[in-house]
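Chemist: attaching a predicted model along with its sequence, questions to come.
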Amino acid sequence: MTGVIKVNGEWLPDPDSDLQYSAEKVKTSKQTEAGTTLIAVTRQLKLSISGSWTLTGAWMEKFRAYRDMDTVQVSVYYPQTDALSTYECEFEIEKETHITDARKQIPERGGLYKVNVNITEL
């Protein structure tokens, strides 16, 4: 295994540092006619993953394709339970930087890119 998360069935390369995982409780509240507030917890947890990668041009194209899709299937490997869980997510590129000297150093790969990504469960 080359990574800890899959997007649409393909393992992503290892990130530059540990991925940041967070989970929030999803709830909605509504005002009733009597003036009270009704709170409904619709889901216990909503997964959010953020991280940064240094990618070749080919991988950068894949990341852009994930960004352009409405949703992606993200599978997360949890080593403590040895389980792979799949979520319907939105893939967002927060920041993309082309490393200028890399194109000269590795032209056959289209250079290198530094990218920050946020993946949020829908």
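Modeler: In hand now; what should we look at?
Chemist: for the rest of this, base every contact and every neighbour count on C-alpha atoms.
Modeler: Will do.
Chemist: quick one: the helices in the protein?
Modeler: Ranges of helices in the chain, per DSSP state H, are 57-68, 100-105.
Chemist: any stretches of this structure with poor pLDDT?
Modeler: Across the chain, the ranges flagged by pLDDT under 70 are 1-3, 25-27, 39-44, 100-110.
Chemist: can you map out the strands along it?
Modeler: Shown for the chain, the strands assigned by DSSP state E span residues 5-7, 10-11, 20-31, 37-56, 72-78, 83-99, 112-121.
Chemist: got a list of what K114 touches?
Modeler: Residues in contact with K114 (CA atoms under 8 Å, 6 or more residues apart in numbering) are S52, W53, T54, L55, E96, T97, H98, I99.
Chemist: just L38 next, same as before
Modeler: Contacts of L38 by CA under 8 Å, 6+ apart are S29, K30, Q31, T32.
Chemist: ok, L47 next?
Modeler: By CA under 8 Å, 6+ apart, the neighbours of L47 are Y21, S22, A23, E24, T120, E121.
Chemist: re the thing from before, single out the most deeply packed of the strands of the chain.
Modeler: Most buried of the strands of the chain by mean neighbour count (mean count of other CA atoms under 10 Å) is strand 5-7; its value is a mean of 21.
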